[in-house]
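>>> Any chance you could fold what I've pasted below:
(one chain, ligands or ions: 1)
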Amino acid sequence: MFTSLGIPGPKPLPFLGNARDINKKFTVNIRPPIVSKGLFFTGGSTWKRLRRLMTPTFTGGKLKNMSHFVDRCANILKDNLQDKTCHKEVIDIKDVFGAFTMDVITGTAFGLETNSQTQPAEPFVQSCKNMFYKLSGNRSRWLTIAGMFPFLSPLIRAMGKGLLSGKESDFLVNSVYRMVDERRQAIGDEKRTDFLQLLVNAEDTGMDVGQKRMSREEVAGQGFIILIAGYETTATTLQYLTYNLAKNQDVQQRVYEELGDELGDEDPTYDNVGRLKYLDNAIHETLRLFPPVSLITRQALELKTIKGVTIPAGVGVTIPIYSIMHDPDYFKDPEKFWPERFSEAESSKLPSILSELAFGYGPRQCIGMRLALLEIKFAAVRILRHFRFLPCEEDTPDKIEFVTAGLTSPKKPIKLRTELRV
Ligand code: HEM
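You can find the predicted model right below:
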């Protein structure tokens with residue numbers, strides 16, 4: 001980030017400690033204000049209560065209920081790619097996967113069928129797209145700066161630098177509130193399986209229960225944060241997965257053969273995708289090479305000494321996921337795409353914290369990790385059975401340049417070609 005701003009910046013002080021000892025606290029003013037009610041942006045006892053309320057909505061059983069819907073979206077993705085393959089199109093893969101993850105997240109979060117893969121002009125889809133376009137640019141830089149240097153937060157707040165603003169975010173906020181109000185009319189409805197209804201139904205059973213259910217604003221905040229956290233990250237992973245496979249045809253062939261050996265013609269299910277070990281390794285290797293969130297931040301709430309490094313209270317601590325995942329001390333030949341690193345034999349040699357660091361670490365680790373992996377696997381099964389991804393010269397660069405804003409979005413769209421497998 002500093003290099004892109006043209007200033008040298010501080011020298012990183014590397015150490016490995018226990019991220020549980022340092023808490024997370026955001027003090028930056030986020031717009032629209034309901035976003036600041038979202039789990040990601042809360043701290044202390046508020047975060048504890050919200051996390052306790054949200055955790056049961058992400059269990060295996062709940063995800064299983066959602067998996068049929070995810071598969072329906074993955075099938076539309078396949079049809080979409082089929083069309084592009086027949087027309088020999090050069091494919092902007094982020095666009096294609098973005099539409100898929102948008103459909104999954106709006107369906108699983110709000111029970112909406114936005115059909116962004118088939119109807120990209122739908123107003124909810126358009127507003128989300130515009131909002132994310134802004135989010136992957138300069139705006140998230142202010143959040144990254146606030147996370148790294150908490151003492152700058154009041155200044156950033158005073159400058160009025162929020163996260164999202166404009167008519168698209170107003171439209172989305174109103175839409176989310178409208179949906180929350182409808183759901184609150186139906187508290188206890190067990191038939192609806194989307195996150196919004198699960199959150200409205202959720203009752204806190206913790207020791208220090210004050211408020212049993214989430215307030216209207218809190219439910220809306222979680223809906224919004226699920227939308228923000230679940231769309232871009234998962235689409236980015238699918239983008240880089242197919243990029244890696246296009247560049248490494250031997251790996252793509254192995255993934256394809258595993259699909260045939262393990263699943264044959266079976267539809268993907270919550271249970272059977274667990275048999276696809278090599279695909280799982282390829283996904284984890286993709287998340288290592290291109291972690292969608294390149295750094296996470298914490299703040300020392302009290303004076304801490306970890307492995308000889310003293311961190312005064314209030315100091316921001318940055319966990320540079322991207323740099324750690326490319327550190328040759330942990331990963332031999334770190335720029336190489338080598339899924340075998342995450343095989344049982346090889347991964348046992350790695351510190352366990354590194355296997356899923358792309359999703360963060362400790363109690364604040366990504367709550368949507370299992371949904372994201374499920375989505376990626378369903379999409380992979382549906383498309384890799386039918387298509388071979390291929391590079392297309394200048395639009396599939398060997399080295400990718402990123403927009404430096406805490407997310408590993410490429411500066412230029414990555415494009416691939418596909419051909420039908422016979
Ligand atoms: C490949 C996809 C994804 C990646 C790489 C990813 C990554 C992350 C990371 C790095 C964090 C911060 C963890 C920390 O500070 O230790 C996080 C938090 C979070 N993620 Fe994800 N995420 C993904 C998908 C999702 C999905 C699909 C959802 C929702 C359905 C989601 C919801 C959240 C939420 C709510 C938090 C805040 C957790 C808390 O603060 O307690 N994420 N994610």
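
>>> Leu371 reaches Gly230, doesn't it?
Yes - with contact defined as C-beta atoms under 8 Å, Leu371 reaches Gly230; the gap is 7.1 Å. For glycine as for every other residue, the C-beta is placed from the backbone atoms N, C-alpha and C.

>>> shared neighbours of those two, anything?
Thr108 (C-beta atoms under 8 Å, 6 or more residues apart in numbering).

>>> in the protein, which helix has the most residues?
If you go by DSSP state H, the chain has its longest helix at helix 216-247.

>>> Show me what counts as buried in it.
Within helix 216-247, the residues scored as buried using 16 or more other C-beta atoms under 10 Å are 218-247.

>>> mind checking the SS state of the closest residue to the ligand within the stretch 1-150 of the chain?
Residue of the stretch 1-150 of the chain nearest the ligand, by C-beta to the nearest ligand atom: Phe40 (3.9 Å). What DSSP: H, G, I helix; E, B strand; the rest coil gives for Phe40 is helix.

>>> wait, it sits on Ile226?
No - the criterion here is C-beta under 8 Å, and Phe40 misses it with Ile226 at 9.7 Å.

>>> Name the residues contacting each of the two.
The contact lists of Phe40 and Ile226 share no entry, where a contact means C-beta under 8 Å, 6+ apart.

>>> who in the stretch 101-250 of the chain is up against the ligand?
Ile225, Ile226, Ala229, Gly230, Thr233, Thr234, Thr237 (C-beta under 6 Å from any ligand atom).

>>> any idea how far Phe124 is from the first one?
By that I understand Ile225. 17 Å (C-beta to C-beta, to the nearest Å).

>>> and the residue nearest to Asp92 when sequence neighbours are not counted, what does it touch?
Spatial nearest neighbour of Asp92, chain neighbours left out: Pro413 (4.8 Å); criterion: C-beta to C-beta, 6 or more residues apart in numbering. By C-beta under 8 Å, 6+ apart, the contact set of Pro413 is Asp92, Lys94, Asp95, Asp395.

>>> how about a cut-off of 10 Å?
By C-beta atoms under 10 Å, 6 or more residues apart in numbering, the contact list for Pro413 reads Ile91, Asp92, Ile93, Lys94, Asp95, Gln239, Asp395.

>>> Strands of the protein, start to end?
91-92, 296-299, 304-306, 309-311, 316-319, 387-391, 415-420 (DSSP state E).

>>> any idea which of these is most buried?
Of all the strands of the chain, strand 296-299 has the most neighbours on average by mean count of other C-beta atoms under 10 Å, namely a mean of 22.

>>> from the chain's centre, how far out does it sit?
17 Å (C-alpha atoms, centre = their mean, to the nearest Å).

>>> Likewise for stretch 182-198?
24 Å.

>>> what is the mean pLDDT for it?
Mean per-residue pLDDT for stretch 182-198: 83.

>>> in it, what's buried?
So, applying 16+ other C-beta under 10 Å, buried residues of stretch 182-198: Arg183, Thr193, Asp194, Phe195, Leu196, Gln197, Leu198.

>>> Which members of these are the farthest-apart pair?
Using C-beta to C-beta, those span at most 12.3 Å, a distance reached by Arg183 and Thr193.

>>> Quickly list what's touching both of those two.
Gly111.

>>> what residue ranges in this structure are flagged as low confidence?
1-31, 134-154, 156-166, 204-210, 404-405 (pLDDT under 70).

>>> Pick out the residue closest to the middle of it.
Centroid-nearest residue in the chain: Thr233, 3.0 Å away (criterion: C-alpha atoms, centre = their mean).

>>> who's in contact with that one?
Applying C-beta under 10 Å, 6+ apart, the residues contacting Thr233 are Thr101, Leu287, Pro291, Pro292, Val293, Ala358, Phe359, Cys366, Gly368, Ala372, Leu407, Thr408.

>>> Kindly recompute the last result at 6 Å.
Pro292 (C-beta atoms under 6 Å, 6 or more residues apart in numbering).

>>> got it, and Ile225?
Gly38, Leu39, Phe40.

>>> Spatially nearest residue to the last one (excluding sequence neighbours)?
Excluding its sequence neighbours, the residue lying closest to Phe40 (C-beta to C-beta, 6+ apart) is Ile225, at 5.3 Å.

>>> can you check Thr286 too?
Using C-beta to C-beta, 6+ apart, the closest residue to Thr286 is Leu241 (4.6 Å).

>>> burial count for Glu401?
9 (other C-beta atoms under 10 Å).

>>> Please verify my assumption that it contacts Ser409.
No - contact between Glu401 and Ser409 fails when scored by C-beta atoms under 6 Å: they sit 10.2 Å apart.

>>> Can you pull the residues that touch both of the two?
Joint contacts of Glu401 and Ser409 (C-beta under 6 Å, 6+ apart) do not exist.

>>> In contact with Ile91, which residues?
Taking C-beta under 6 Å, 6+ apart as the test, what Ile91 contacts is Lys84, Leu416.

>>> For burial, what's the neighbour tally of the nearest residue to Tyr243 once chain neighbours are set aside?
The spatially closest residue to Tyr243, leaving aside those adjacent along the chain, is Ile414, at 5.4 Å (C-beta to C-beta, 6+ apart). When neighbours are counted by other C-beta under 10 Å, Ile414 registers 20.

>>> shouldn't Val35 be in contact with Phe224?
Yes - look at Val35 against Phe224 with C-beta under 6 Å: they come within range, at 5.5 Å.

>>> Quick one: closest of the strands of the chain to Lys167.
Closest of those to Lys167 is strand 91-92, at 25.5 Å (criterion: C-beta to C-beta).

>>> now the closest one, how far from the centre of its chain.
On C-alpha atoms, centre = their mean, the centre of strand 91-92 falls 21 Å from that of its chain.

>>> That one: partners in the sheet, and parallel or antiparallel?
Sheet pairing of strand 91-92 (DSSP bridges) gives strand 415-420 (antiparallel).

>>> Run the angle between the partner strand and helix 216-247 for me.
70 degrees (axes from the mean of the first three to the mean of the last three C-alpha atoms, to 10 degrees).

>>> Name the surrounding residues that touch strand 415-420.
Residues contacting strand 415-420 (C-beta under 6 Å, 6+ apart): 81, 85, 90-93, 246, 387-390, 392, 395.
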